[in-house]
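Engineer: Sharing a sequence plus its predicted fold:
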Amino acid sequence: MSPYLLVLALDKLSRIISKRVDDGSKMRAGREGPLVSHLMSADDLLIFGEASISQMQTVTGVLEEFCSMSGQQVSVE
């Protein structure tokens, strides 16, 4: 049952990221890159964004929102 719970939690994270992108956050793969904001696989998450302070604040905000909702924590290592 554990893998199914992970899928449900990551689906919520994916929706939070997609909502931020729809709200105007320019999370994308490069300046002129495709509108890919994130990729997920089994237990990995890759988030794309510009190398700027505002983008880092957006990503940090998304992760903090998800962590407060799910009770999980981001491993900084």
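Structural biologist: Arrived safely, thanks for sending.

Engineer: Who's the closest spatial neighbour of the residue sitting nearest the centre point of the chain, skipping the chain neighbours?
Structural biologist: Compute the mean C-alpha point of the chain, and by C-alpha atoms, centre = their mean the closest residue is residue 17, 4.8 Å away. Distance criterion C-beta to C-beta, 6 or more residues apart in numbering; nearest residue to residue 17, sequence neighbours excluded, is residue 38 at 5.1 Å. Every residue, glycine included, has its C-beta placed from N, CA and C.

Engineer: Kindly spell out which helices and strands sit in contact with the helix or strand of the chain at the bottom of the mean pLDDT ranking.
Structural biologist: One helix or strand of the chain scores below all others by mean pLDDT, DSSP states H and E: strand 38-40, with a mean of 75. Under the contact criterion of 3 or more C-beta pairs under 8 Å, 6 or more residues apart in numbering; DSSP states H and E, strand 38-40 touches helix 2-22, strand 45-47.

Engineer: Return the set of buried residues in it.
Structural biologist: residue 38 (16 or more other C-beta atoms under 10 Å).

Engineer: follow-up on the earlier one: let me have the helices and strands packed on strand 38-40 in a markdown table, extended by distance to residue 69.
Structural biologist: Below are these laid out as a markdown table (distance: least, C-beta to C-beta, whole Å):
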| stretch | distance to residue 69 |
| --- | --- |
| helix 2-22 | 7 |
| strand 45-47 | 15 |
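
Engineer: which stretch among those comes nearest residue 62?
Structural biologist: helix 2-22 (5.5 Å; C-beta to C-beta).

Engineer: pLDDT below threshold where in this structure?
Structural biologist: Counting by pLDDT under 70, the chain contains low-confidence residues at 1, 24-36, 42-43.
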